[in-house]
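below is the structure, and that's it, no one-letter string:
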DNA sequence: TCAATAGTGTCTATCAGACACTATTAC
DNA sequence: GTAATAGTGTCTGATAGACACTATTGA
């Protein structure tokens, strides 16, 4: 007996949830809006301990929003924002709604990451989670929505933060980071974390934050300009105490290589 | 209100199914076991028309198994093998079971492809499908299991076959092909379609079938040997009417680049 | 011998990394 | 002026593609 026509079957399938790993960029000097660092860190079970670990100079770092659990299991531990898939919304729409409710932000990039459906995902009933990953521009953030003490931003690569996550969310965040690293080199991922106009140094800062290593400014300029996708806006950034850098803008790219998300929005 | 702890909620989520795109390699000359070509092609709605389209010489081609639907919607059309996710099996196990029941084969590679959950996936009730893609070695196939007239193999890139598929399965197969192409270059995908020992010409045939273009034998040899992952077995293949080629074996690779399937089996 | 494929050697265009060097601002 | 970053030029080693060439079998 072969199953080819099961799409319409109402079987007793496990509950289905949609979660999102949201990345944003935050400069340590705080060039954008301020950011409560580890709000509600006093909760038992997860010490966030957001210390500035000077790994690679003082460039910007990746941050993710987490939500504190208000019920068992993993009570009071931090978890990825998410929720059950309701009625007639698509997976992508559910992820976008979820992101808006949690952070008040609209994503500049939203792609499906992976569907976790193992039977060893943690305590509690077994659940299948479709996980998305997203990028947002933090400077545009509406901080009013962040007053909720059960939502806070944390450095995405902090081992102590990751160790305190509920369920298998640590593995999920690490997988999302790996995908982000693999994607930043050949897609227009970087400028989606920045604003409309950005300098090459800022763009390089994104690459360095994502890849976790310093890059040669001269070579970076050459390769990123040769790759296309950005354009000299003609303006320069003034007010710095050195030679004013040019400002660039991102131009729409037809997904140069890489395979697009099949249900993704062609924005 | 933020949802962080929904994993245990029993919401009215859509039905969940697992499907698999299975690729195998078949030489036009039929060096392995014979293969019913388009069995049951008389069914209305999908003309398989398996003609040898001489696109790139006479190398091997990729084939996929399809299952004929026995109910509405898309009655009698061909679809990907799949079934509902039952009780306490993991997604990966469900895909493997499904593959075994359909083709009688154990996969040499099995990875999650994508989860399709749009609201426009075709007629009938909305379903969320977690789709896997797999590779099998056709020579090892147990053809007794293929007696079922509702299961047949088709060329994976035949436009007429793809056009006749049920639901959004055409898009799914095309996406799986794109992922396979992207992956064959930097992973040990190719030799999983071949047997234990293979010549470099056979290996090149896999690359050519997957990529859809001819490759220079000399350069292919250099690059594939430099990449590592295969080893000279010391034996040669006799019985050919030209210089006997060496036989190589695949050696285990620690996923040289690329990101492994997070719930995948580390085989 | 010829046909056919296996396998080697070599040239070249391209590209990434290293790094010296000049340019332009604030102070 | 100095400090600091922006931006340019150049060298070099690694690599992919083109392609000529030799090697070894069956017929």
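Looks like it came in fine. In this text, all values refer to a predicted model and were calculated from it rather than measured experimentally.

okay, buried residues for stretch A:99-110 please.
Neighbour counts over stretch A:99-110 (16 or more other C-beta atoms under 10 Å in any protein chain shown) mark A:99, A:101-105, A:107-110 as buried. C-beta coordinates here come from the backbone N, C-alpha and C atoms, glycine included.

just stretch A:177-197 next, same as before
A:177, A:179-180, A:183-184, A:187-194.

hmm, which of those residues is lowest in pLDDT?
Lowest pLDDT of the buried residues of stretch A:177-197: residue A:187, 76.

got the phi and psi for it?
Phi and psi for residue A:187, reported as degrees, to the nearest 10, are phi -140, psi 170.

residue A:258 is in contact with that one, correct?
Yes: taking C-beta atoms under 8 Å as the definition, residue A:187 is a contact partner of residue A:258 at 5.5 Å.

hmm, residue A:245 is touching residue A:198, no?
No: using C-beta under 8 Å, residue A:245 makes no contact with residue A:198, being 9.5 Å away.

neighbour count for these two, which is higher?
Comparing residue A:245 with residue A:198 by other C-beta atoms under 10 Å in any protein chain shown, the one with more neighbours is residue A:198, at 23 against 15.

from residue A:24, how far out is that one?
15 Å (C-beta to C-beta, to the nearest Å).

what residues does whichever strand or helix holds residue A:67 touch?
According to DSSP states H and E, residue A:67 maps onto strand A:61-68. Here strand A:61-68 makes contact (C-beta atoms under 8 Å, 6 or more residues apart in numbering or on different chains) with A:21-26, A:28, A:35, A:40, A:43, A:76-81, A:102-103, A:138, A:149-157, A:161, A:165, A:173, A:177, A:180, A:209-210, B:2-4.

repeat that with 7 Å
A:21-26, A:40, A:43, A:76, A:78-81, A:102-103, A:150-157, A:173, A:209-210, B:2, B:4 (C-beta atoms under 7 Å, 6 or more residues apart in numbering or on different chains).

and the longest strand along chain A, how far out from the chain middle?
Counting residues, the longest strand found in chain A (DSSP state E) is strand A:16-26. Chain-centre distance of strand A:16-26: 5 Å, with C-alpha atoms, centre = their mean, to the nearest Å.

avg pLDDT for that strand?
The model assigns strand A:16-26 a mean pLDDT of 95.

stretch A:107-123 near chain B anywhere?
Yes: using C-beta under 7 Å from any C-beta of the partner chain, a contact is recorded between stretch A:107-123 and chain B, made by A:112, A:114-119.

in contact with the residue in the stretch 51-200 of chain A that DNA strand C sits nearest to, which residues?
Relative to DNA strand C, the nearest point of the stretch 51-200 of chain A is residue A:185 (9.2 Å; C-beta to the nearest atom of the strand). Counting by C-beta under 7 Å, 6+ apart, residue A:185 touches no other residue.

next one: residue A:21
A:64, A:80, A:113, A:131, A:133, A:172-173, A:176.

just the ones in strands from these, please.
A:64, A:113, A:131, A:133.

just curious, which of those residues is nearest to residue B:12?
residue A:131 (20.9 Å; C-beta to C-beta).

give me the distance between that closest one and residue B:150.
Residue A:131 is 35 Å from residue B:150, by C-beta to C-beta.

more neighbours, these two?
Neighbour tally, residue A:131 and residue B:150, criterion other C-beta under 10 Å: the higher count belongs to residue A:131, 25 against 17.

quick revisit: pick the one among the contacts of residue A:21 closest to DNA strand D.
residue A:64 (27.0 Å).

give me every residue in the stretch 151-267 of chain A lying close to chain B.
So the stretch 151-267 of chain A meets chain B at A:151, A:167, A:171, A:175, A:178-179, A:182, A:259, A:262-263 (C-beta under 7 Å from any C-beta).
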